[in-house]
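A.B. asks: fold the stuff below for me.
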Amino acid sequence: MREIGQATVPTSEADKETFQSLRLAEPSERVKITLDERMLSIEGRRNATVDMRLHAITTMRHHSTNLVPGWLVFLGIALVWIGYRLMVPSTYKLAFIGAGGCLIGARFLTRKPTLSIHTSSGESHVLYGNERALNRLSFMFHHLANNHTMAEVRAKIQAIEAESSQAWRDDVPPAPLLPNPLEAPQALERFLAVEEGTEPAAPLREVEPEWMPTLEPEPVQQQAVVGFIPSFQPVHGTVQPTAYPADHRPAPLTNPVLVPHPTPPMYQGLQQNGPGTFLPSFMNQDGAHIPGHAENNEPDEPEDDLVLDAEMFEFLDDEDAP
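C.D. replies: Sure, this is the predicted structure:
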C-alpha cells in the first residue's frame, strides 16, 4: 500500500494514463478516468469529480454483467407457453410468443464488460465500456498498488501487446522469393548464332535428376542372415543364384511324359436309375404306342353265344336233385 507521505510527491502529465471510452452506471453518464501512481479520478460532465487514493481502493474486479435479471427468463418461458398452448387468436399468440422470446434473448445478449470498484469508506462505482480498456485499467491499478512505477507498468503492457500481436502475425512466415532465371533453348541460340555469324556457345550439360531411368542393373542387396539349409531361407530375403556343375542333369519328372493316362469318367457314362421301359411316344384312340413292343393287328373274333337245348336242361336238373 501507498504511504500517506507519498501524496506530497508532485505528479507530471507524463505519469498519467487517461481512459475516455468508459461509462459510469450510477449516475449514467460518460466519464473520463485518470490514473497515476497515487490517485484514481472519475471525472464526469454533470457531476463532481471523484478522486480516490490507490491505497483507499479495497477491490477492483473485472467481470461481465447481465442487464436483464434471471427471473425474467422464467417469465419469458411462461409467456411462450401461454401463447402456444392457451391463446387461440393468432394475434395474441404471436404477441405472447414474441414477448417471451425477447425476454429470453435479452438475458443472453445484454452481457456487458463491467469493472466494479469498492473503497474502504463503503463507496462502490461500476464502470461499463470496452473490454480492452477495462482490462488495461485493472492491470495497471493492480501493478501500481504493488509499488511499481508507471514506466514499469507501461513497459509490461507494451511487451504483452507486442507478444500477442506477434503470435498471430508470425505464425505463417512469408514464402521466400526464389530466383527464376529465363534460359533460351539451345536450338534457338544456335539459329541466332548462325544468322549473326558468331560461333555458338558450347552446350551446357543438363543435370539429370536422380529419378531418371538408366540401363544399369539394379544392385543386389546382400542377405543379412543366411540359413544352413537352402530350403529354410527366409521368405522375404533375396533369391540366391544357384550355380550348377557342367555335368548336371535335372531329375526326372514324377509324371512321365508321352505316357497315355486314362481319362476320367464322364457323367454321361454313369448308370442312372431310370425307368426300365420306354415311355409312350404318343397316344391315339387305340391306346398308347410304345416303341419296341409288337402290336397285335389280328381282328378280334366274336365269341359264340352258348346255346342250351332241352336235353341239357334235364341233365342239369338231375344233378341238382339229391
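
A.B. asks: residue 248 sits in which helix or strand?
C.D. replies: Using DSSP states H and E, residue 248 sits in no helix or strand.

A.B. asks: and it, how many residues sit next to it?
C.D. replies: 8 (other Cβ atoms under 10 Å). C-betas here are computed from N, CA, C, even on glycine.

A.B. asks: give me the pLDDT for it.
C.D. replies: Model confidence at residue 248, expressed as pLDDT, equals 75.

A.B. asks: what's the answer for residue 115, then?
C.D. replies: 87.

A.B. asks: pull up the pairing partners for the one helix or strand it maps to, direction included.
C.D. replies: Per DSSP H and E: residue 115 is located in strand 111-119. According to DSSP bridges, strand 111-119 has the following sheet partners: strand 57-66 (antiparallel), strand 124-129 (antiparallel).

A.B. asks: sheet partners, orientation included, of the helix or strand containing residue 21?
C.D. replies: Under the criterion of DSSP H and E, residue 21 resides in strand 17-24. Strand 17-24 has the following sheet partners, assigned by DSSP bridges: strand 29-35 (antiparallel), strand 124-129 (antiparallel).

A.B. asks: closest to residue 249 out of the ones you listed?
C.D. replies: Closest approach to residue 249 among these is made by strand 124-129 (103.6 Å; Cβ to Cβ).

A.B. asks: pLDDT averaged over the closest one - what is it?
C.D. replies: Taken as a whole, strand 124-129 carries a mean pLDDT of 86.

A.B. asks: what does that strand contact?
C.D. replies: Here strand 124-129 makes contact (Cβ atoms under 8 Å, 6 or more residues apart in numbering) with 19, 21-26, 31, 33, 42, 50, 65, 112-118, 134.

A.B. asks: picking that back up, ranking the strands paired with strand 111-119 by burial, who's on top?
C.D. replies: Counting by mean count of other Cβ atoms under 10 Å, strand 124-129 has the highest mean neighbour count of the strands paired with strand 111-119, with a mean of 17.

A.B. asks: what is whichever helix or strand comes after it packed up against?
C.D. replies: Under the assignment DSSP H and E, the closest C-terminal helix or strand after strand 124-129 is helix 131-145. Applying 3 or more Cβ pairs under 8 Å, 6 or more residues apart in numbering; DSSP states H and E, we find helix 131-145 packed against strand 17-24, strand 29-35, strand 57-66, strand 111-119, helix 150-169.

A.B. asks: buried residues in the second one, which are they?
C.D. replies: This points to strand 29-35. Neighbour-count burial for strand 29-35, counted by 16 or more other Cβ atoms under 10 Å, picks out 31, 33-35.

A.B. asks: helix or strand right after it?
C.D. replies: strand 39-44.

A.B. asks: same check, this time on the last one
C.D. replies: On the C-terminal side of helix 150-169, the nearest following helix or strand under DSSP H and E is helix 186-196.

A.B. asks: is it fair to say residue 26 lies in a helix?
C.D. replies: No: counting by DSSP: H, G, I helix; E, B strand; the rest coil, residue 26 is not part of a helix but coil.

A.B. asks: just the pLDDT for it.
C.D. replies: Residue 26 is assigned 79 on the pLDDT scale.
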